[in-house]
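Next one to model:
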Amino acid sequence: MNATTQTYIETVKVSDIPWHRLTTTYGRATDFPAHLEVLWDMKDVDAIDAAGEELAQNIEHQSTLWHATPFALIFLLRIFKKAVEEQGHNEIARYLVKELAELFIIIAECIRDGLMLEHVDQLSNFEDMLNEEYLWPEEYDEDEDVLRYEEEEVFPDDLFFSFYYYSLQVLLLCKPLLDKNNKYEVTLLELLTEIEN
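Alright, predicted model coming up:
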């Protein structure tokens, strides 16, 4: 991973992302900041389950990743890191570590399978995915979005492959956090190592 990508992943803010203009499985990522905040707070398991389910369903579907996926993963990685640090004295953090590890495994499997297919090169920089030409309209219109999906090239090839490539770059940063005594985290580590090699 180059320094520019790592710096972007480590420094970008939730407010820097135009979530309402990024696609997900079921629409736009407008509500992602609220869901991410619930996970970050680690206060209520039911609220975490609801927010986590919304995020999981909208960043991956039938092995497909979306425009919002790599950006959501940046903040899920930060939440995972915080949960790892707090799991020794926080039962909710411990629960969240397991749930996020399972989600990361699903995403890593999608990436592994995607990389096996023939593909073009990714965009040069992570934040290139936020170039105006790739963003969907400011105003959300469900009918217009549906029509857009009927176009032959909804996402240019380099943009689409970037969903996978940059999602992988984020997940690779969680390798040092993984516990080799935890079966889920070991599975994730093995997957990431396989993809990297």
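
Is the most centrally placed residue in the chain in a helix, a strand, or coil?
Geometric centre of the chain, nearest residue: residue 73, 2.9 Å, by C-alpha atoms, centre = their mean. Here residue 73 is recorded as helix under DSSP: H, G, I helix; E, B strand; the rest coil.

Sticking with the spatially closest residue to it that is not a sequence neighbour, tell me its helix or strand.
Residue nearest to residue 73 in three dimensions, not counting chain neighbours: residue 170, with 4.2 Å by C-beta to C-beta, 6 or more residues apart in numbering. Where you see a C-beta, it was placed from the backbone N, CA and C, and this is true even at glycine. Taking DSSP states H and E as the criterion, residue 170 maps to helix 157-172.

what comes up buried for that helix?
Residues of helix 157-172 classed as buried: 158-172 (neighbour count, 16 or more other C-beta atoms under 10 Å).

got a list of contacts for it?
For helix 157-172, the external contacting residues (C-beta atoms under 8 Å, 6 or more residues apart in numbering) are 1, 5-6, 9, 65-67, 69-70, 73-74, 77, 104, 107-108, 110-111, 114-115, 119-123, 126, 128-129, 134, 155, 188, 192, 195-196.

Report the buried residues of the helix or strand just after that helix.
Toward the C-terminus, helix 157-172 is succeeded by helix 183-196 as the next helix or strand (DSSP H and E). The neighbour-count criterion (16+ other C-beta under 10 Å) identifies 184-185, 187-189, 191-192, 195 as the buried residues of helix 183-196.

ditto for stretch 114-131
Judged by neighbour count (16+ other C-beta under 10 Å), stretch 114-131 contains these buried residues: 114, 122-123, 126-127, 129-130.

Export the residues you listed to TSV and append columns for pLDDT and distance to residue 16.
Formatted as TSV, the buried residues of stretch 114-131 follow (pLDDT from 0 to 100; distance: C-beta to C-beta, whole Å):
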residue	pLDDT	distance to residue 16
114	87	26
122	93	20
123	94	17
126	97	11
127	96	9
129	97	12
130	97	8
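
Okay, now the unreliable bits of this protein?
For the chain, applying pLDDT under 70 flags the ranges 152.
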